[in-house]
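Participant: fold the following and give me the result.
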Amino acid sequence: MPATAVKQRSRHGTLKPVVFFGASAVILAISIWAIITPSGAEYVIGTVVGWISRGFGWYYFLVATVYLLFVVFVAVSRYGKVKLGPQHSTPDYGVFAWASMLFAAGIGIDLLFFSVSGPITHYLAPPEGDPQTIEAARQALVWSLFHYGVTGWAMYALMGMALGYFAFRYRLPLAIRSALYPLIGRRIHGGIGDAVDLAAIIGTVIGISVSLGIGVVQLNYGLNVLFGVPEGVSAQIGLIAVAVIVATVSAVAGVDRGIRRLSELNVVLAIVLMVYVLFAEDPIFLLNALILNIGDYISRFPEITLNTFAYDQPIGWLNTWTLFFWAWWIAWAPFVGMFLARISRGRTIRQFVAATLVIPLLYTLTFLSIFGNSALSIVMNGNIEFGETAMDTPEQGFYTLLQQYPGFTFTAGLATIVGLLLYVTSADSGALVTGNLSSHLPTPITDAAPWLRIYWAAVTGLLTLAMLIVGGVTALTNATIILGLPFSFVMLLVIWGLYKALRVESFRTEASRTTLSLSPSHRTWRQRLARVMNFPSRHAGARFVEEVCRPAFQEVAEELREQGAAPSVVEGTDEDTGIPHLELRVPMGAEEEFSYRVWPIEVPTPAFAIRSLTENDTYVRFEVYLTEGSQGYDVMGYSKEQLISNILDEYEKHLEFLRLHREAVAGSAMPDHGPGTAEVYQDDEGR
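Facilitator: Okay, here's the model as predicted:
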């Protein structure tokens, strides 16, 4: 069901004062400090970056590899079948819209910025080996693909699957704090949780500022080439204002009509630009180079993943490229991870990881290969001046490449539109996520108030301007390296918490497998056949509740009370069918409570039904829902005794699940994760 169709208890939630004012104070203080004393800020930032590079360069290489290995392990293991949401949930978006938003949220205008300057720089000034050789050309594309490849996207996948899992399956807030729930329990709703979300907002704003800063510089040059707009702070302030204005419009439109439409348009236009350059250059050469680049990336990936250049470290190159990129991906991980979780409800972990690692990689690999090899071809054919321009002033590289082909006005205009869309999509989705992080929201798919998203877009613009004043793109990259370090430790805690939670899933599966289901044996074959051939109406459904469900629930609850439990039976009415639904709840102390619900669902009558059909003919199913969602079977037509037997089957499975869980985590049990938390959400249908 689309997010727009969700019935919300409160439209935009309430503000988290500690997170909102704390993050605002820190970001505004950094911005003001940088604007007032740019030289002092530049010195301090440069000193800290030098210390991190010397002391923690190895750590960035190691931790990035750990993230990738963990994500792949979860996807290919039995945990990959777990859904980001209840078992009955279905995806909110189609594949193209979903893939477009995956790409557009995770990649900013920097792809245009580095697609030419990156390969050229690695070719003319490689980290090792001789420059301007065939080997240098092959390494140039491999390093570019490495910095935009699966390692970085694994960081997004880690945060996305963790946040989606805890928000949509545990019914916790869609916030960074929720990923730590298995480690600290309900304390995520206190000071520790506020501190984590506050740090995530600061890292997100700085990470987005990098892309916006790069985008401002490149778009300013593009507008200068096309329309003579002067390069400088005045024009850059105007471009920052454009991002805030578009974020304002999109904030009112919402995800479905705002970010989604911009993302789809963005992908289509970028493909048009790629195809144009492919045929304007030498398509046979570029296709050969693409296949070569894919082979080199796959074969050399294990070698370069942990290549710290220990014996002869190119410190300047590492700070500008690998360390910066890993810190940048980490800084973007909470923001992109939250957004990817927000749009991926109903996908399995395996689907989510596969899409996040593969779809954007194929796109960026093709993009970098076409534009990077086109640029290398020009330099290798003798135009060294073009190469030096792309290396020394990266914002000019992409437009200078397009000048080599006919129709420059068209291609430059198209590139500017693509860049602007990537630019504003980053600002928009970043404002959405930071607004959500600073709000208590009624459901994981509710968005913060428009004014809050506009506020964070403006704050991000202010920090972007401050960093540009301090030292341009260099200051932004250095700030990212600094901020990425502390959050990398948080991501390791996320791995620990997610693994503990997924182990609980295995206990639940094991409990279901080891507990017998007795209900079907209570029916004769004639009764079973009659039930299969029956397609009951709403009236029959209401009668089933009155004659079977209510007495069965009440008798089980009464017997449980006599055995010392404290069950409750909750009734309601389904808005779509007007048929009552019932839920049996049995508290388990500090453990997850038992919940058994029968919910009426009206579905189309199949064409093979014997009774005559009308155009809108439907019938009623009564599906069983447990804590983790629909179990996928229908109890309509059961007798009272059969329904009681089914309730007890599920109750026994739950007790077995709790036993297995306690044995596995004896002495260090995972905090309870039932719906008794301070903030509980319901799914689409209020279940």
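
Participant: at which residues are the helices of the stretch 251-400 of the chain located?
Facilitator: 259-280, 283-305, 315-320, 322-343, 349-380, 384-392, 394-402 (DSSP state H, counting those that start in this stretch).

Participant: could you do the stretch 451-600 of the chain as well?
Facilitator: Using DSSP H, counting those that start in this stretch, helices in the stretch 451-600 of the chain cover 525-532, 538-544, 550-562.

Participant: that older thread, winner for burial among the helices of the stretch 251-400 of the chain?
Facilitator: helix 322-343 (a mean of 27; mean count of other C-beta atoms under 10 Å). In this view, the C-beta of every residue, glycine as well, is placed from N, C-alpha and C.

Participant: what is that one packed up against?
Facilitator: helix 38-76, helix 95-106, helix 134-147, helix 150-168, helix 191-227, helix 408-437, helix 450-514 (3 or more C-beta pairs under 8 Å, 6 or more residues apart in numbering; DSSP states H and E).

Participant: can those helices go into CSV with extra columns for mean pLDDT and mean neighbour count?
Facilitator: Output for those, formatted as CSV (pLDDT from 0 to 100; neighbours: other C-beta atoms under 10 Å):
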stretch, mean pLDDT, mean neighbour count
helix 38-76, 88, 17
helix 95-106, 73, 22
helix 134-147, 95, 21
helix 150-168, 92, 27
helix 191-227, 86, 23
helix 408-437, 84, 24
helix 450-514, 79, 21
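
Participant: between the helices of the stretch 451-600 of the chain, which one is nearest to residue 76?
Facilitator: Among the helices of the stretch 451-600 of the chain, the nearest to residue 76 by C-beta to C-beta is helix 525-532 (37.3 Å).

Participant: name the helices or strands packed onto the host helix or strand of residue 652?
Facilitator: Element membership for residue 652, per DSSP states H and E: helix 640-664. The contact analysis (3+ C-beta pairs under 8 Å, 6+ apart) places helix 640-664 against helix 450-514, helix 550-562, strand 580-588, strand 591-604, strand 618-626.

Participant: out of the ones you listed, the one nearest residue 204 is which?
Facilitator: In terms of C-beta to C-beta, the element of those nearest to residue 204 is helix 450-514, at 8.6 Å.

Participant: okay, now the unreliable bits of the stretch 551-687 of the chain?
Facilitator: Along the stretch 551-687 of the chain, the parts satisfying pLDDT under 70 run over 607-616, 628, 660-661, 663-687.

Participant: one more time with 50, if that's ok
Facilitator: Low-confidence segments of the stretch 551-687 of the chain, defined by pLDDT under 50, span residues 612-615, 667-687.

Participant: just to revisit the earlier point, of the helices of the stretch 451-600 of the chain, which is nearest residue 69?
Facilitator: Closest approach to residue 69 among the helices of the stretch 451-600 of the chain (C-beta to C-beta): helix 550-562, 45.8 Å.

Participant: which residues does the nearest residue to residue 353 once chain neighbours are set aside contact?
Facilitator: Counting by C-beta to C-beta, 6 or more residues apart in numbering, residue 353 lies nearest to residue 75, which is 3.8 Å off, once chain neighbours are set aside. Taking C-beta atoms under 8 Å, 6 or more residues apart in numbering, we find residue 75 in contact with 349-350, 353-354.

Participant: cool, residue 309 as well?
Facilitator: 127-128, 318.

Participant: residue 537 too?
Facilitator: The contact partners of residue 537, by C-beta under 8 Å, 6+ apart, come to 619-620.

Participant: and residue 33, by the same measure?
Facilitator: By C-beta under 8 Å, 6+ apart, the neighbours of residue 33 are 40-41.

Participant: ok, it to residue 457 distance?
Facilitator: Going from residue 33 to residue 457 by C-beta to C-beta, to the nearest Å gives 21 Å.

Participant: and residue 172, helix, strand or coil?
Facilitator: coil (DSSP: H, G, I helix; E, B strand; the rest coil).

Participant: related to what we said a few turns ago, now, which of the contacts of residue 75 sits nearest residue 45?
Facilitator: residue 353 (34.9 Å).

Participant: distance of the closest residue to residue 53 other than its chain neighbours from residue 20?
Facilitator: Leaving out its chain neighbours, the residue that sits closest to residue 53 by C-beta to C-beta, 6+ apart is residue 319, at 5.3 Å. According to C-beta to C-beta, residue 319 and residue 20 sit 33 Å apart.

Participant: likewise residue 331?
Facilitator: 20 Å.

Participant: name the residues of stretch 168-188 that are buried.
Facilitator: For stretch 168-188, burial by neighbour count (16 or more other C-beta atoms under 10 Å) applies to 168-184, 188.

Participant: pLDDT wise, what is residue 247 at?
Facilitator: Note on residue 247: pLDDT of 67.

Participant: who are the contact partners of the residue nearest to the spatial centre of the chain?
Facilitator: Taking C-alpha atoms, centre = their mean as the criterion, residue 340 is the residue nearest the geometric centre of the chain, at 2.3 Å. When contacts are counted by C-beta under 8 Å, 6+ apart, residue 340 touches 102, 105-106, 156-157, 159-160, 164, 352, 356.

Participant: make it 7 Å
Facilitator: 102, 105, 156, 160, 356 (C-beta atoms under 7 Å, 6 or more residues apart in numbering).

Participant: now flag whichever of these is closest to residue 263.
Facilitator: Nearest member of those to residue 263, counting by C-beta to C-beta, is residue 105, at 7.3 Å.

Participant: run a quick neighbour tally on the nearest residue to residue 144 once chain neighbours are set aside.
Facilitator: Excluding the flanking residues, the one nearest residue 144 by C-beta to C-beta, 6+ apart is residue 118, at 4.3 Å. Neighbours of residue 118 under the rule other C-beta atoms under 10 Å: 29.

Participant: quick revisit: buried ones in the helix holding residue 652?
Facilitator: 642-647, 649-658, 660-661, 664.
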